[in-house]
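Q: sequence and predicted model, in that order:
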Amino acid sequence: MVGEAPAGVDLDSFFGAIRVEWDQEAAMTRLGQLPFFIDFLKTSGLFDAFVADCPPRYASPNAPKKRDVLGTAMLAMLAGHKRYAHIVALRCDAVLPELLGMKKVVSEDAVRRAFKAIDESEGAAWLRGHLQYCVAPLLAEPWILDVDTTVKPLYGHQEGAVLGYNPKKPGRPSHCYHTYSMAQARLVLDVDVCPGDEHASKHAAPSLWALIDRLPRDCWPTLLRGDSGFENEGVMREAEARGLPYLFKLRLTRNVVRMIEKLSRAQEWIYVGHGFQAKEGAVRLLGWSRERRVIVLRRRLKGAVGLSYDDENGAPQLSFPEFDHGGEPCEYSVLVTSLVEETEAFGQLYRDRGDAENIFDEMKNQWGWGGFTTHDLARCRLSARLMALFYDWWNIFVLLAEPRLHREAITSRPLFLSAIATRTRHARQTTLRVTSAHAGARTAAEALAAVAAFLRGLVENAEQSTLRQKWRAILSRAFQALLGGRLLRPPQRLAPC
(Lines give C-alpha, C1' and ligand atoms only; values in the text may rest on other atoms or scores of the structure.)
Protein backbone atom coordinates (compact mmCIF):
# COMPACT_ATOMS: atom_id res chain seq x y z
CA MET A 1 0.00 0.00 0.00
CA VAL A 2 1.11 3.57 -0.71
CA GLY A 3 2.52 5.30 2.38
CA GLU A 4 3.46 2.13 4.23
CA ALA A 5 7.04 1.71 5.38
CA PRO A 6 9.15 -0.77 3.39
CA ALA A 7 9.61 -4.18 4.89
CA GLY A 8 12.76 -4.94 6.85
CA VAL A 9 15.93 -5.55 4.87
CA ASP A 10 18.77 -7.92 5.71
CA LEU A 11 22.22 -6.47 5.06
CA ASP A 12 25.78 -7.62 5.40
CA SER A 13 28.46 -5.52 7.08
CA PHE A 14 31.99 -5.92 8.35
CA PHE A 15 30.45 -6.51 11.77
CA GLY A 16 28.26 -9.24 10.40
CA ALA A 17 24.66 -9.65 9.27
CA ILE A 18 22.27 -6.89 10.35
CA ARG A 19 18.61 -6.14 9.77
CA VAL A 20 17.32 -2.65 8.94
CA GLU A 21 13.70 -1.70 9.66
CA TRP A 22 11.87 1.58 9.06
CA ASP A 23 9.67 3.22 11.66
CA GLN A 24 7.55 6.08 10.32
CA GLU A 25 5.35 6.30 13.38
CA ALA A 26 7.94 7.37 15.96
CA ALA A 27 7.71 11.02 17.06
CA MET A 28 11.21 12.49 16.96
CA THR A 29 13.11 15.73 16.44
CA ARG A 30 16.61 16.72 15.37
CA LEU A 31 16.60 19.60 17.89
CA GLY A 32 16.31 17.28 20.86
CA GLN A 33 17.62 19.70 23.50
CA LEU A 34 15.34 22.58 22.51
CA PRO A 35 12.77 21.60 25.21
CA PHE A 36 15.15 23.16 27.75
CA PHE A 37 14.93 26.45 25.83
CA ILE A 38 11.14 26.10 25.67
CA ASP A 39 11.10 25.68 29.46
CA PHE A 40 13.11 28.91 29.68
CA LEU A 41 10.60 30.74 27.45
CA LYS A 42 7.60 29.47 29.42
CA THR A 43 9.01 30.23 32.87
CA SER A 44 10.04 33.75 31.86
CA GLY A 45 6.77 34.41 30.04
CA LEU A 46 8.68 35.71 27.01
CA PHE A 47 7.00 33.66 24.29
CA ASP A 48 3.40 34.00 25.53
CA ALA A 49 3.72 37.80 25.75
CA PHE A 50 5.46 37.90 22.37
CA VAL A 51 2.58 36.02 20.70
CA ALA A 52 -0.15 37.92 22.54
CA ASP A 53 1.21 41.31 21.42
CA CYS A 54 1.59 40.34 17.76
CA PRO A 55 -0.33 42.93 15.68
CA PRO A 56 -2.14 40.98 12.89
CA ARG A 57 -5.75 40.02 13.43
CA TYR A 58 -6.96 37.44 10.91
CA ALA A 59 -10.62 37.43 9.87
CA SER A 60 -10.58 34.19 7.88
CA PRO A 61 -11.22 31.00 9.87
CA ASN A 62 -8.73 29.24 7.57
CA ALA A 63 -5.89 31.60 8.41
CA PRO A 64 -2.97 30.12 10.41
CA LYS A 65 -2.77 30.82 14.10
CA LYS A 66 -0.37 33.53 15.21
CA ARG A 67 1.33 31.11 17.56
CA ASP A 68 1.94 28.67 14.69
CA VAL A 69 3.43 31.37 12.45
CA LEU A 70 5.70 32.90 15.09
CA GLY A 71 6.69 29.51 16.48
CA THR A 72 7.62 28.31 12.99
CA ALA A 73 9.73 31.42 12.35
CA MET A 74 11.50 31.02 15.69
CA LEU A 75 12.25 27.33 15.16
CA ALA A 76 13.66 28.05 11.70
CA MET A 77 15.91 30.87 12.91
CA LEU A 78 17.09 28.91 15.95
CA ALA A 79 17.95 25.95 13.71
CA GLY A 80 20.23 28.19 11.64
CA HIS A 81 18.04 28.46 8.55
CA LYS A 82 18.80 31.42 6.29
CA ARG A 83 15.94 31.27 3.79
CA TYR A 84 12.17 31.01 4.06
CA ALA A 85 12.42 27.96 1.80
CA HIS A 86 14.38 26.12 4.52
CA ILE A 87 11.27 26.04 6.72
CA VAL A 88 10.18 22.90 4.89
CA ALA A 89 12.83 20.99 6.86
CA LEU A 90 10.75 21.51 10.02
CA ARG A 91 7.50 20.10 8.64
CA CYS A 92 8.30 16.54 9.72
CA ASP A 93 9.02 17.52 13.37
CA ALA A 94 6.31 15.89 15.50
CA VAL A 95 7.70 16.91 18.90
CA LEU A 96 8.61 20.60 19.17
CA PRO A 97 5.39 22.21 17.81
CA GLU A 98 3.38 20.49 20.54
CA LEU A 99 5.81 21.64 23.25
CA LEU A 100 5.50 25.25 22.03
CA GLY A 101 1.71 25.05 22.14
CA MET A 102 1.49 25.06 18.34
CA LYS A 103 -0.98 23.08 16.26
CA LYS A 104 1.46 22.57 13.40
CA VAL A 105 4.49 23.91 11.56
CA VAL A 106 3.14 26.19 8.82
CA SER A 107 4.56 26.54 5.32
CA GLU A 108 7.06 29.12 4.16
CA ASP A 109 4.36 30.90 2.16
CA ALA A 110 2.14 31.14 5.24
CA VAL A 111 4.98 32.83 7.15
CA ARG A 112 5.63 35.29 4.32
CA ARG A 113 1.94 36.17 3.97
CA ALA A 114 1.54 36.56 7.72
CA PHE A 115 4.47 38.98 7.89
CA LYS A 116 3.01 40.95 5.00
CA ALA A 117 -0.22 41.39 6.97
CA ILE A 118 1.65 43.19 9.77
CA ASP A 119 1.61 46.97 9.46
CA GLU A 120 5.21 48.22 9.41
CA SER A 121 4.82 50.80 12.18
CA GLU A 122 2.85 48.39 14.39
CA GLY A 123 5.37 45.61 13.78
CA ALA A 124 8.29 47.91 14.63
CA ALA A 125 6.65 49.04 17.88
CA TRP A 126 5.82 45.43 18.79
CA LEU A 127 9.35 44.10 18.33
CA ARG A 128 11.08 47.15 19.78
CA GLY A 129 8.98 46.75 22.89
CA HIS A 130 10.08 43.14 23.35
CA LEU A 131 13.72 43.93 22.59
CA GLN A 132 13.57 46.64 25.24
CA TYR A 133 11.86 44.36 27.75
CA CYS A 134 14.59 41.79 27.18
CA VAL A 135 17.35 44.15 28.36
CA ALA A 136 15.32 46.37 30.73
CA PRO A 137 16.72 45.02 34.04
CA LEU A 138 20.28 45.55 32.76
CA LEU A 139 19.71 49.23 31.98
CA ALA A 140 20.00 50.23 35.64
CA GLU A 141 23.66 49.15 35.48
CA PRO A 142 26.38 51.27 33.83
CA TRP A 143 26.44 50.24 30.18
CA ILE A 144 27.84 51.31 26.81
CA LEU A 145 25.78 51.68 23.64
CA ASP A 146 27.66 50.59 20.50
CA VAL A 147 26.36 51.88 17.17
CA ASP A 148 27.59 50.45 13.91
CA THR A 149 26.54 49.62 10.37
CA THR A 150 27.02 46.51 8.27
CA VAL A 151 26.28 45.80 4.62
CA LYS A 152 24.28 42.82 3.33
CA PRO A 153 24.72 42.07 -0.40
CA LEU A 154 21.53 41.21 -2.28
CA TYR A 155 21.02 39.02 -5.31
CA GLY A 156 17.39 39.64 -6.24
CA HIS A 157 15.05 42.52 -6.97
CA GLN A 158 14.34 43.68 -3.44
CA GLU A 159 13.07 47.13 -2.55
CA GLY A 160 16.01 49.28 -1.46
CA ALA A 161 18.56 47.05 -3.23
CA VAL A 162 20.72 49.86 -4.60
CA LEU A 163 24.40 50.46 -5.09
CA GLY A 164 26.20 51.87 -2.08
CA TYR A 165 29.26 51.31 0.04
CA ASN A 166 30.04 47.60 -0.32
CA PRO A 167 33.69 46.76 0.47
CA LYS A 168 33.37 42.99 0.03
CA LYS A 169 31.41 42.98 -3.24
CA PRO A 170 31.83 46.34 -5.02
CA GLY A 171 29.06 46.99 -7.53
CA ARG A 172 26.64 44.59 -5.84
CA PRO A 173 23.31 46.10 -4.59
CA SER A 174 22.84 45.85 -0.86
CA HIS A 175 20.92 46.75 2.29
CA CYS A 176 22.47 48.53 5.26
CA TYR A 177 21.83 47.29 8.80
CA HIS A 178 22.17 50.05 11.42
CA THR A 179 22.53 48.21 14.72
CA TYR A 180 22.46 49.38 18.35
CA SER A 181 23.84 46.92 20.87
CA MET A 182 24.77 46.70 24.54
CA ALA A 183 28.52 46.27 24.92
CA GLN A 184 29.88 43.34 26.98
CA ALA A 185 26.40 41.81 27.30
CA ARG A 186 26.33 41.41 23.49
CA LEU A 187 22.59 42.01 23.29
CA VAL A 188 20.94 43.85 20.40
CA LEU A 189 18.63 46.70 21.40
CA ASP A 190 17.38 47.54 17.91
CA VAL A 191 18.25 47.23 14.23
CA ASP A 192 17.06 49.25 11.26
CA VAL A 193 17.33 48.09 7.64
CA CYS A 194 17.91 50.83 5.07
CA PRO A 195 18.63 50.92 1.32
CA GLY A 196 22.24 50.29 0.33
CA ASP A 197 23.07 53.96 -0.27
CA GLU A 198 21.88 55.02 3.22
CA HIS A 199 24.93 53.83 5.15
CA ALA A 200 25.90 57.24 6.54
CA SER A 201 25.30 58.10 10.18
CA LYS A 202 22.62 60.66 9.30
CA HIS A 203 20.38 57.75 8.28
CA ALA A 204 21.06 55.91 11.55
CA ALA A 205 20.58 58.99 13.73
CA PRO A 206 16.72 59.02 13.81
CA SER A 207 16.52 55.44 15.10
CA LEU A 208 19.40 56.08 17.50
CA TRP A 209 17.81 59.10 19.18
CA ALA A 210 14.39 57.41 19.18
CA LEU A 211 15.97 54.51 21.08
CA ILE A 212 17.55 56.88 23.60
CA ASP A 213 14.29 58.79 24.07
CA ARG A 214 12.38 55.59 24.84
CA LEU A 215 14.53 55.10 27.94
CA PRO A 216 14.25 57.01 31.22
CA ARG A 217 17.17 59.37 31.80
CA ASP A 218 18.65 57.24 34.60
CA CYS A 219 18.73 54.23 32.24
CA TRP A 220 20.69 55.98 29.49
CA PRO A 221 24.07 54.55 28.51
CA THR A 222 27.16 55.95 30.16
CA LEU A 223 28.83 56.17 26.74
CA LEU A 224 27.83 56.27 23.08
CA ARG A 225 30.54 54.56 21.04
CA GLY A 226 30.97 54.15 17.30
CA ASP A 227 33.37 53.75 14.42
CA SER A 228 34.35 56.38 11.87
CA GLY A 229 31.31 57.85 10.16
CA PHE A 230 29.56 58.87 13.38
CA GLU A 231 32.04 61.64 14.17
CA ASN A 232 30.07 64.30 12.27
CA GLU A 233 28.77 67.53 13.70
CA GLY A 234 25.12 66.48 13.75
CA VAL A 235 25.61 63.38 15.90
CA MET A 236 28.13 64.97 18.27
CA ARG A 237 26.10 68.16 18.72
CA GLU A 238 22.97 66.15 19.50
CA ALA A 239 24.85 63.98 22.01
CA GLU A 240 26.32 67.08 23.68
CA ALA A 241 22.88 68.72 23.87
CA ARG A 242 21.54 65.63 25.65
CA GLY A 243 24.53 65.37 27.99
CA LEU A 244 25.41 61.95 26.58
CA PRO A 245 29.18 61.20 26.50
CA TYR A 246 30.50 59.84 23.21
CA LEU A 247 33.62 58.22 21.76
CA PHE A 248 34.03 58.00 17.98
CA LYS A 249 36.86 57.21 15.63
CA LEU A 250 38.00 59.92 13.21
CA ARG A 251 38.84 59.37 9.58
CA LEU A 252 42.43 60.28 8.71
CA THR A 253 41.62 63.40 6.70
CA ARG A 254 44.25 65.96 5.74
CA ASN A 255 43.68 68.12 8.83
CA VAL A 256 43.76 65.09 11.12
CA VAL A 257 47.06 63.97 9.56
CA ARG A 258 48.50 67.45 10.15
CA MET A 259 47.54 67.19 13.82
CA ILE A 260 49.18 63.76 14.07
CA GLU A 261 52.37 65.14 12.53
CA LYS A 262 52.39 67.96 15.06
CA LEU A 263 51.81 65.63 18.03
CA SER A 264 54.33 63.05 16.81
CA ARG A 265 57.17 65.50 17.48
CA ALA A 266 56.30 65.49 21.19
CA GLN A 267 58.02 63.03 23.49
CA GLU A 268 55.36 62.69 26.20
CA TRP A 269 53.44 59.74 24.77
CA ILE A 270 51.65 57.56 27.33
CA TYR A 271 51.68 53.77 27.16
CA VAL A 272 48.08 52.45 27.20
CA GLY A 273 48.62 48.70 26.84
CA HIS A 274 48.85 46.14 24.03
CA GLY A 275 51.71 48.03 22.41
CA PHE A 276 49.73 51.26 22.01
CA GLN A 277 50.83 54.76 22.99
CA ALA A 278 48.46 57.70 23.37
CA LYS A 279 48.69 61.46 23.11
CA GLU A 280 45.93 63.96 23.82
CA GLY A 281 45.15 67.00 21.70
CA ALA A 282 42.34 69.22 20.48
CA VAL A 283 41.17 70.04 16.99
CA ARG A 284 38.36 71.81 15.18
CA LEU A 285 37.74 70.19 11.83
CA LEU A 286 35.91 71.62 8.86
CA GLY A 287 32.18 71.55 9.57
CA TRP A 288 32.58 71.40 13.35
CA SER A 289 31.04 74.16 15.43
CA ARG A 290 33.82 74.10 18.03
CA GLU A 291 37.11 72.56 19.08
CA ARG A 292 36.87 69.05 20.57
CA ARG A 293 39.11 66.72 22.53
CA VAL A 294 40.93 64.04 20.53
CA ILE A 295 43.08 61.08 21.55
CA VAL A 296 45.76 59.85 19.13
CA LEU A 297 46.73 56.18 19.46
CA ARG A 298 49.79 54.75 17.76
CA ARG A 299 51.42 51.34 17.65
CA ARG A 300 54.65 50.30 16.03
CA LEU A 301 54.16 47.79 13.24
CA LYS A 302 56.07 44.56 13.62
CA GLY A 303 57.46 42.38 10.86
CA ALA A 304 57.51 43.11 7.15
CA VAL A 305 55.17 45.80 5.88
CA GLY A 306 53.76 44.85 2.47
CA LEU A 307 52.32 47.27 -0.07
CA SER A 308 50.05 45.96 -2.81
CA TYR A 309 49.62 47.72 -6.17
CA ASP A 310 48.94 47.01 -9.85
CA ASP A 311 51.74 47.23 -12.40
CA GLU A 312 51.45 48.81 -15.86
CA ASN A 313 49.76 45.66 -17.19
CA GLY A 314 47.20 45.63 -14.38
CA ALA A 315 48.73 42.62 -12.65
CA PRO A 316 48.71 42.74 -8.82
CA GLN A 317 52.15 43.21 -7.26
CA LEU A 318 53.51 43.22 -3.72
CA SER A 319 56.49 45.20 -2.43
CA PHE A 320 58.14 45.56 0.97
CA PRO A 321 59.45 49.05 1.77
CA GLU A 322 62.67 49.57 3.65
CA PHE A 323 62.83 51.99 6.58
CA ASP A 324 66.26 53.51 7.04
CA HIS A 325 67.64 56.13 9.40
CA GLY A 326 65.99 54.38 12.31
CA GLY A 327 62.48 54.99 10.99
CA GLU A 328 59.69 53.08 12.73
CA PRO A 329 56.46 52.37 10.81
CA CYS A 330 53.42 52.97 13.01
CA GLU A 331 49.68 52.65 12.64
CA TYR A 332 47.59 55.54 13.94
CA SER A 333 44.02 55.81 15.18
CA VAL A 334 42.40 59.07 16.25
CA LEU A 335 39.42 59.26 18.61
CA VAL A 336 37.15 62.21 19.36
CA THR A 337 35.39 62.22 22.71
CA SER A 338 33.51 64.27 25.27
CA LEU A 339 34.68 62.04 28.14
CA VAL A 340 36.86 63.52 30.87
CA GLU A 341 38.66 60.30 31.79
CA GLU A 342 42.44 60.06 31.89
CA THR A 343 44.23 59.40 28.61
CA GLU A 344 45.31 55.93 29.77
CA ALA A 345 41.70 54.69 29.72
CA PHE A 346 41.05 55.21 26.02
CA GLY A 347 43.24 52.45 24.63
CA GLN A 348 41.22 49.61 26.14
CA LEU A 349 37.95 51.54 25.91
CA TYR A 350 38.09 51.72 22.15
CA ARG A 351 39.58 48.26 21.67
CA ASP A 352 36.50 46.87 23.40
CA ARG A 353 34.39 48.35 20.60
CA GLY A 354 35.70 45.62 18.32
CA ASP A 355 33.32 43.21 20.05
CA ALA A 356 30.47 44.86 18.12
CA GLU A 357 31.99 43.43 14.94
CA ASN A 358 31.62 39.95 16.43
CA ILE A 359 27.86 40.51 16.68
CA PHE A 360 27.73 41.33 12.96
CA ASP A 361 29.80 38.28 12.09
CA GLU A 362 27.56 36.02 14.17
CA MET A 363 24.28 37.49 12.94
CA LYS A 364 25.24 37.43 9.25
CA ASN A 365 27.08 34.12 9.08
CA GLN A 366 25.49 32.02 11.83
CA TRP A 367 21.98 33.45 12.01
CA GLY A 368 19.82 34.71 9.17
CA TRP A 369 20.83 38.28 8.43
CA GLY A 370 22.30 36.85 5.25
CA GLY A 371 18.81 35.75 4.13
CA PHE A 372 15.07 35.90 4.96
CA THR A 373 14.68 38.67 2.38
CA THR A 374 11.51 39.58 0.49
CA HIS A 375 10.72 42.02 -2.30
CA ASP A 376 9.42 44.66 0.11
CA LEU A 377 11.66 46.41 2.64
CA ALA A 378 9.05 46.29 5.43
CA ARG A 379 9.29 42.51 5.83
CA CYS A 380 13.10 42.66 5.65
CA ARG A 381 13.02 45.02 8.64
CA LEU A 382 10.55 42.78 10.45
CA SER A 383 12.64 39.62 9.97
CA ALA A 384 15.83 41.46 11.02
CA ARG A 385 14.25 42.54 14.32
CA LEU A 386 12.72 39.10 14.85
CA MET A 387 16.14 37.56 14.45
CA ALA A 388 17.70 40.09 16.84
CA LEU A 389 15.08 39.18 19.46
CA PHE A 390 15.60 35.43 19.10
CA TYR A 391 19.38 36.03 19.14
CA ASP A 392 19.03 37.83 22.49
CA TRP A 393 16.82 35.09 23.95
CA TRP A 394 19.20 32.33 22.87
CA ASN A 395 22.31 34.14 24.16
CA ILE A 396 20.72 34.67 27.57
CA PHE A 397 19.68 31.02 27.72
CA VAL A 398 23.21 29.85 26.82
CA LEU A 399 24.64 32.14 29.52
CA LEU A 400 22.34 30.47 32.03
CA ALA A 401 24.08 27.21 31.16
CA GLU A 402 27.59 28.69 31.03
CA PRO A 403 27.61 32.08 32.80
CA ARG A 404 31.35 32.66 32.45
CA LEU A 405 31.70 31.91 28.74
CA HIS A 406 30.08 33.54 25.71
CA ARG A 407 29.43 30.97 23.02
CA GLU A 408 28.52 31.97 19.50
CA ALA A 409 25.83 30.02 17.69
CA ILE A 410 28.38 28.01 15.74
CA THR A 411 29.36 26.27 19.00
CA SER A 412 26.27 26.71 21.19
CA ARG A 413 23.84 25.11 18.71
CA PRO A 414 25.70 21.80 18.37
CA LEU A 415 26.26 21.68 22.12
CA PHE A 416 22.92 22.84 23.58
CA LEU A 417 20.47 22.35 20.71
CA SER A 418 21.31 19.61 18.22
CA ALA A 419 20.48 16.07 19.35
CA ILE A 420 18.09 13.30 18.36
CA ALA A 421 15.11 13.06 20.72
CA THR A 422 12.40 10.42 20.55
CA ARG A 423 9.08 10.91 22.31
CA THR A 424 7.26 8.10 24.08
CA ARG A 425 4.05 8.17 26.10
CA HIS A 426 3.01 5.71 28.76
CA ALA A 427 0.59 6.02 31.69
CA ARG A 428 0.03 9.72 31.01
CA GLN A 429 3.75 10.34 31.20
CA THR A 430 5.54 11.93 28.24
CA THR A 431 9.24 11.09 27.97
CA LEU A 432 11.86 12.45 25.61
CA ARG A 433 14.91 10.24 25.19
CA VAL A 434 17.79 12.44 23.96
CA THR A 435 20.87 11.17 22.16
CA SER A 436 23.68 13.63 21.39
CA ALA A 437 26.81 12.77 19.40
CA HIS A 438 28.66 15.88 20.61
CA ALA A 439 31.99 15.29 22.36
CA GLY A 440 30.81 17.53 25.22
CA ALA A 441 27.38 15.89 25.47
CA ARG A 442 27.83 14.91 29.12
CA THR A 443 28.93 18.40 30.15
CA ALA A 444 26.04 19.92 28.18
CA ALA A 445 23.53 17.56 29.82
CA GLU A 446 24.75 18.57 33.28
CA ALA A 447 24.60 22.28 32.40
CA LEU A 448 21.07 22.00 30.93
CA ALA A 449 19.89 20.00 33.95
CA ALA A 450 21.23 22.79 36.19
CA VAL A 451 19.30 25.37 34.14
CA ALA A 452 16.11 23.29 34.48
CA ALA A 453 16.64 23.01 38.24
CA PHE A 454 17.14 26.77 38.51
CA LEU A 455 13.95 27.48 36.55
CA ARG A 456 11.96 24.99 38.64
CA GLY A 457 13.24 26.62 41.81
CA LEU A 458 12.24 30.00 40.42
CA VAL A 459 8.68 28.78 39.91
CA GLU A 460 8.33 26.90 43.20
CA ASN A 461 10.13 29.29 45.53
CA ALA A 462 8.88 32.53 44.03
CA GLU A 463 5.23 31.81 43.34
CA GLN A 464 4.20 35.36 44.21
CA SER A 465 6.87 36.95 42.02
CA THR A 466 5.80 38.79 38.89
CA LEU A 467 7.20 37.89 35.48
CA ARG A 468 9.41 40.99 35.60
CA GLN A 469 10.89 39.89 38.92
CA LYS A 470 11.53 36.40 37.56
CA TRP A 471 13.14 37.88 34.46
CA ARG A 472 15.43 40.03 36.63
CA ALA A 473 16.45 36.90 38.57
CA ILE A 474 17.17 35.07 35.30
CA LEU A 475 19.36 37.92 34.03
CA SER A 476 21.15 38.12 37.38
CA ARG A 477 22.19 34.48 37.00
CA ALA A 478 22.99 34.73 33.28
CA PHE A 479 25.21 37.81 33.71
CA GLN A 480 26.71 36.91 37.07
CA ALA A 481 30.23 37.21 35.66
CA LEU A 482 29.49 40.74 34.42
CA LEU A 483 27.78 41.70 37.70
CA GLY A 484 30.38 40.13 39.97
CA GLY A 485 27.83 37.69 41.41
CA ARG A 486 25.40 40.28 42.77
CA LEU A 487 21.74 40.73 41.85
CA LEU A 488 20.53 43.31 39.38
CA ARG A 489 19.15 46.53 40.78
CA PRO A 490 15.46 47.15 40.00
CA PRO A 491 15.28 49.66 37.13
CA GLN A 492 12.85 52.55 36.85
CA ARG A 493 9.69 51.95 34.90
CA LEU A 494 10.53 52.24 31.21
CA ALA A 495 8.73 54.67 28.98
CA PRO A 496 6.32 53.07 26.51
CA CYS A 497 7.73 52.33 23.05
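A: Looks like it arrived, so ask away.
Q: so which residues of the stretch 101-250 of the chain form strands?
A: 144-153, 174-182, 187-195, 223-226, 246-250 (DSSP state E, counting those that start in this stretch).
Q: closest one to Ala204 among those?
A: Distance to Ala204, taken as Cβ to Cβ, is lowest for strand 174-182 among those, at 3.9 Å. To be clear about C-beta, it is placed using only N, CA and C from the backbone, and glycine gets the same treatment.
Q: for the record, mean pLDDT for the closest one?
A: Average pLDDT, strand 174-182: 94.
Q: repeat that for stretch 416-428.
A: For stretch 416-428, mean pLDDT rounds to 91.
Q: mean neighbour count and distance to Arg284 added to the strands of the stretch 101-250 of the chain, as CSV?
A: Below are those laid out as CSV (neighbours: other Cβ atoms under 10 Å; distance: least, Cβ to Cβ, whole Å):
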stretch, mean neighbour count, distance to Arg284
strand 144-153, 21, 23
strand 174-182, 24, 28
strand 187-195, 22, 30
strand 223-226, 23, 20
strand 246-250, 22, 12
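Q: distance to Tyr133 added to these, as CSV?
A: Below are those laid out as CSV (distance: least, Cβ to Cβ, whole Å):
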stretch, distance to Tyr133
strand 144-153, 17
strand 174-182, 14
strand 187-195, 11
strand 223-226, 22
strand 246-250, 26
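Q: quick one, helices of the stretch 201-350 of the chain?
A: For the stretch 201-350 of the chain, applying DSSP state H, counting those that start in this stretch gives helices covering 201-213, 233-242, 254-264, 346-351.
Q: what about the longest one, distance to the chain center?
A: Okay, so that is helix 201-213. Relative to its chain's centre, helix 201-213 lies at 18 Å (Cα atoms, centre = their mean, to the nearest Å).
Q: now that helix against strand 144-153, angle please.
A: Using axes from the mean of the first three to the mean of the last three Cα atoms, to 10 degrees, the inter-axis angle of helix 201-213 relative to strand 144-153 is 140 degrees.
Q: closest one to Glu460 among the strands of the stretch 101-250 of the chain?
A: Nearest to Glu460, of all the strands of the stretch 101-250 of the chain, is strand 187-195, at 28.2 Å by Cβ to Cβ.
Q: elements contacting the closest one?
A: The contact analysis (3 or more Cβ pairs under 8 Å, 6 or more residues apart in numbering; DSSP states H and E) places strand 187-195 against helix 120-135, strand 174-182, helix 201-213, helix 377-401.
Q: buried deepest among these, which one?
A: strand 174-182 (a mean of 24; mean count of other Cβ atoms under 10 Å).
Q: run the chain-centre distance for that one.
A: Using Cα atoms, centre = their mean, the offset of strand 174-182 from its chain centre is 10 Å.
Q: and the angle for it with helix 120-135?
A: Using the same axes, to 10 degrees, the direction of strand 174-182 lies 30 degrees away from that of helix 120-135.
Q: okay, the angle between strand 174-182 and strand 187-195?
A: 160 degrees.
Q: on contacts alone, who are the packing partners of strand 174-182?
A: strand 144-153, strand 187-195, helix 201-213, helix 355-365, helix 377-401.
Q: and Tyr84, which of these is closest to it?
A: helix 377-401 (8.8 Å).
Q: relative to strand 187-195, how tilted is the closest one?
A: Using the same axes, to 10 degrees: helix 377-401 against strand 187-195 is 160 degrees.
Q: which other helices and strands contact the helix or strand following helix 377-401?
A: Note on helix 377-401: by DSSP states H and E, the next helix or strand toward the C-terminus is helix 409-416. The helices and strands touching helix 409-416, judged by 3+ Cβ pairs under 8 Å, 6+ apart, are helix 377-401, helix 441-461.
Q: what mean pLDDT does the first one get?
A: Okay, so that is helix 377-401. Helix 377-401 comes out at a mean pLDDT of 96.
Q: would you agree Ala278 is in contact with Arg299?
A: No. Applying Cβ atoms under 8 Å, one finds Ala278 not in contact with Arg299, separated by 10.2 Å.
Q: how about the helices and strands packed on strand 187-195, which one is nearest Leu455?
A: Proximity to Leu455 (Cβ to Cβ) singles out helix 377-401 among the helices and strands packed on strand 187-195, at 8.4 Å.
Q: now the angle from that closest one to helix 409-416?
A: 50 degrees.
Q: ok and helix 377-401 relative to helix 441-461, angle-wise?
A: 90 degrees.
Q: now helix 377-401, how far from the chain's geometric center?
A: 7 Å.
Q: how about JSON lines for the helices and strands packed on strand 174-182, with distance to Gly485 added?
A: Formatted as JSON lines, the helices and strands packed on strand 174-182 follow (distance: least, Cβ to Cβ, whole Å):
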{"stretch": "strand 144-153", "distance to Gly485": "21"}
{"stretch": "strand 187-195", "distance to Gly485": "20"}
{"stretch": "helix 201-213", "distance to Gly485": "30"}
{"stretch": "helix 355-365", "distance to Gly485": "22"}
{"stretch": "helix 377-401", "distance to Gly485": "14"}
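Q: so which of those gets nearest Ile18?
A: helix 377-401 (37.3 Å).
Q: separation between Ile474 and Gly45?
A: Per Cβ to Cβ, to the nearest Å, Ile474 is found 11 Å from Gly45.
Q: again with Thr435
A: 31 Å.
Q: nearest to Ile38, of the strands of the stretch 101-250 of the chain?
A: Per Cβ to Cβ, nearest to Ile38 of those: strand 187-195, 20.6 Å.
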